[in-house]
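**Q** here is my input; please provide its structure:
(one chain, ligands or ions: 1)
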Amino acid sequence: MSEPLVIVGNGMAAARLVDELVKTSLGRYAIAVIGEEPRLAYNRVLLSSVLAGETASHDIELKPAGWWRDRGVTLKYGCRATEIDVGRRELKIDGDESIEFSRLVLATGSSALRLNVPGADLAGVHTFRDSRDVDLLLTLAVRKKPVVVVGGGLLGLEAAYGLAKAGTPVTLLHLMDRLMERQLDAPAAELLKSLVERKGIKVELNANTARIHGATRVEGVQLADGRLITADAVVFAAGIRPNTALAKEAGLTVNRGVVVDDHLQTSAPGIFALGECAEHRGVCYGLVEPAYEQARVLARHLSGRDAAYPGSVVATNLKVSGVSVFSAGDFLGTDGSEAIMLSDIRRGTYKKLVIAEGRLVGAVLVGDTADALWYLDLIRERKPVAAIRSDMMFGRSLAVEAKAA
Ligand SMILES: Cc1cc2nc3c(=O)[nH]c(=O)nc-3n(C[C@H](O)[C@H](O)[C@H](O)COP(=O)(O)OP(=O)(O)OC[C@H]3O[C@@H](n4cnc5c(N)ncnc54)[C@H](O)[C@@H]3O)c2cc1C
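**A** Below you'll find the model as predicted:
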């Protein structure tokens, strides 16, 4: 008889895990997925395109209903898991229903952070995490009244771009002195800022949000240095927090995320976690690729094969506000490393490669990211680059040709 395997969360990590599981252990598990969002799993990354009006919301589903049905997966969506009874191997669901498991996987993702400032609970304050948020933001876009987006990382830039594209006047506030400081060095961030401003988005750096003004709904945002920005709505895109409450209440070890070992197992035997809710070797990843790598390893492990997750080399390779951006590895460089840079501000391109001990260890690209995956491969494989050092800046084809000549 198939063992009951229950997955909590019907997001990107869960969908990939089911995909991998049906390939590796067909028939071994009776899989049930419990998801709080009232729709089939969708590609969350594409919410930015939905907001920008480039993709329809119903086109971002990861798998059609028939795919889940044909693989015998029991799907319960619009349904929140409320408690894990570790001893009885039972998961409680909204409405007092319980479901038994022999293996349980937590794939509960993260929630958007709301800054703890006065006015954060006023009407007109939004977040940008799921398709319900996007529906609300789309109604803002129609009104074309000024909006403040708080957060100059990937999410904030995407929210600002989507709203600006729909004709909304947008001011983007960022606490730090440069955009996307976790992915970009100062020149790359400066170039990104100018490209974003060309799209009509006003960017305020060193902007510490002190309070949100308004009697019953948002009227403006006050910064700590006294600047006041008039706004009809505020979108918080200033970070995420892993959803760990379920695990914590069940007594599992939780730091920032649910702590897992190299088999993605939590502190409770037979209970696993992956994706944004998991913390592996002290790291909570906020990107899709690590979640997919974890899904591959967990599916192999659950199928009884040898598999261990060593952690991921994080790379960012995306279009931010319509601008191609890539960043990977140690892009800032450390003592003893050297950097090669190429910058053409008028064309809107910037490239930086960081080399240490004869190997590429980090890279930042803005504008032209055609060779991003090649650089990523060099970083991940730790390949010696001495033979292509002087040509690698100009891309794979030139560097490989020069080496062959
Ligand atoms: C707008 C946007 C753009 C992004 N762009 C990129 C990008 O370009 N590149 C990139 O790598 N990453 C991007 N990300 C991040 C990426 O989407 C996440 O890393 C990925 O979705 C994580 O997958 P997950 O399954 O761990 O979490 P999620 O996809 O968040 O899924 C978790 C699911 O669990 C559900 N859940 C939580 N608690 C419970 C409960 N108790 N019971 C039942 N269900 C529950 C949630 O409702 C949710 O549906 C973006 C994210 C957003 C919001």
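**Q** where does pLDDT dip in this structure?
**A** 401-405 (pLDDT under 70).
**Q** whichever residue of it sits closest to the ligand: neighbour count?
**A** In the chain, the residue that lies nearest the ligand is G11 (1.8 Å; C-beta to the nearest ligand atom). No exception for glycine: its C-beta is placed from N, CA and C like everyone else's. Per other C-beta atoms under 10 Å, the neighbour tally for G11 reads 27.
**Q** what about it, distance to R296?
**A** With distances taken as C-beta to C-beta, to the nearest Å, G11 is found 16 Å from R296.
**Q** likewise K248?
**A** 27 Å.
**Q** which one of the two has more residues nearby?
**A** R296 (17 against 11).
**Q** doesn't that one belong to a helix?
**A** Yes. Under DSSP: H, G, I helix; E, B strand; the rest coil, R296 sits within a helix.
**Q** could you list which residues are in contact with it?
**A** By C-beta atoms under 8 Å, 6 or more residues apart in numbering, the residues touching R296 are R16, E20, A307.
**Q** same deal with V364?
**A** Counting by C-beta under 8 Å, 6+ apart, V364 has contacts Q183, L184, D185, A188, F326, S327, F331, Y350, K351, K352.
**Q** I'd guess the fifth one is in a helix, am I close?
**A** This points to F326. No. Read with three-state DSSP, F326 is strand and lies in no helix.
**Q** state the distance from L360 to P384.
**A** 9 Å.
**Q** my read: V18 touches L5, true?
**A** No. V18 is beyond contact range of L5, at 9.5 Å (criterion: C-beta atoms under 8 Å).
**Q** residues from the stretch 301-405 of the chain in reach of the ligand?
**A** L318 (C-beta under 6 Å from any ligand atom).
**Q** so which of L360 and P384 has more stuff around it?
**A** Legend: neighbour count by other C-beta under 10 Å for L360 and P384, higher for L360 (28 against 13).
**Q** next, the buried residues of stretch 55-68.
**A** By neighbour count with 16 or more other C-beta atoms under 10 Å, stretch 55-68 contains the buried residues S57, I60, E61, L62, K63, W67, W68.
**Q** just stretch 5-25 next, same as before
**A** 5-22, 24-25.
**Q** with stretch 296-312 instead?
**A** R296, V297, L298, A299, R300, H301, L302, S303, A307, Y309, S312.
**Q** of these, which belong to helices?
**A** R296, V297, L298, A299, R300, H301, L302 (DSSP state H).
**Q** same list, those, but as CSV with distance to G119 please.
**A** What follows is those, written out as CSV (distance: C-beta to C-beta, whole Å):
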residue, distance to G119
R296, 44
V297, 44
L298, 42
A299, 45
R300, 49
H301, 47
L302, 47
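**Q** thinking again about what came up before, now, of the contacts of V364, which are buried?
**A** Counted by 16+ other C-beta under 10 Å, the contacts of V364 give Q183, L184, D185, A188, F326, S327, F331, Y350, K351, K352 as buried.
**Q** among these, which lie within helices?
**A** A188.
**Q** biggest separation within the buried ones among the contacts of V364, which pair?
**A** Q183 and K351 (14.4 Å; C-beta to C-beta).
**Q** tell me where the stretch 301-405 of the chain has strands.
**A** 315-320, 323-329, 338-344, 349-356, 359-366 (DSSP state E, counting those that start in this stretch).
**Q** in CSV, list those along with distance to A237.
**A** Compiled in CSV, the strands of the stretch 301-405 of the chain are given as follows (distance: least, C-beta to C-beta, whole Å):
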stretch, distance to A237
strand 315-320, 12
strand 323-329, 16
strand 338-344, 28
strand 349-356, 24
strand 359-366, 20
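**Q** nearest residue to T230 in space, please, no chain neighbours.
**A** G220 (4.8 Å; C-beta to C-beta, 6 or more residues apart in numbering).
**Q** can you give me the neighbour number for that neighbour?
**A** Neighbour tally, G220, other C-beta under 10 Å: 17.
**Q** quick one, phi psi at the nearest residue to A56 once chain neighbours are set aside?
**A** Closest residue to A56 in three dimensions, ignoring its sequence neighbours and counting by C-beta to C-beta, 6+ apart: V50, at 7.2 Å. Backbone torsions of V50, given as degrees, to the nearest 10, read phi -60, psi -40.
**Q** rewinding a little: so the residue nearest to T230 is in contact with T209, correct?
**A** No. Look at G220 against T209 with C-beta under 8 Å: they stay out of range, at 11.1 Å.
**Q** now S321. Nearest residue, chain neighbours left out?
**A** Y161 (3.6 Å).
**Q** gap between that neighbour and K199?
**A** From Y161 to K199 the distance is 7 Å (C-beta to C-beta).
**Q** what is in contact with the two at once?
**A** In contact with both Y161 and K199: S321, G322, using C-beta under 8 Å, 6+ apart.
**Q** okay, these two: which has more neighbours?
**A** Y161 (25 against 14).
**Q** ok, that one - contacts?
**A** Counted by C-beta under 8 Å, 6+ apart, Y161 has contacts S48, A52, V196, K199, I201, V320, S321, G322.
**Q** now do S303
**A** So S303 contacts L21, T24, S25, R28 (C-beta under 8 Å, 6+ apart).
**Q** wait, the third one sits on A299?
**A** What it means is S25. Yes. Counting by C-beta under 8 Å, A299 is a contact partner of S25 at 7.2 Å.
**Q** any idea how far the nearest residue to V400 once chain neighbours are set aside is from A328?
**A** With C-beta to C-beta, 6+ apart as the criterion, V400 has its nearest non-adjacent residue at 7.4 Å, and that residue is I388. Relative to A328, I388 is positioned 17 Å away (C-beta to C-beta).
**Q** those two - which one has more neighbours?
**A** The neighbour count for I388 versus A328, taken as other C-beta under 10 Å, is higher for A328 (25 against 20).
**Q** T266 reaches V260, doesn't it?
**A** Yes. Counting by C-beta under 8 Å, T266 does reach V260; the two are 5.7 Å apart.
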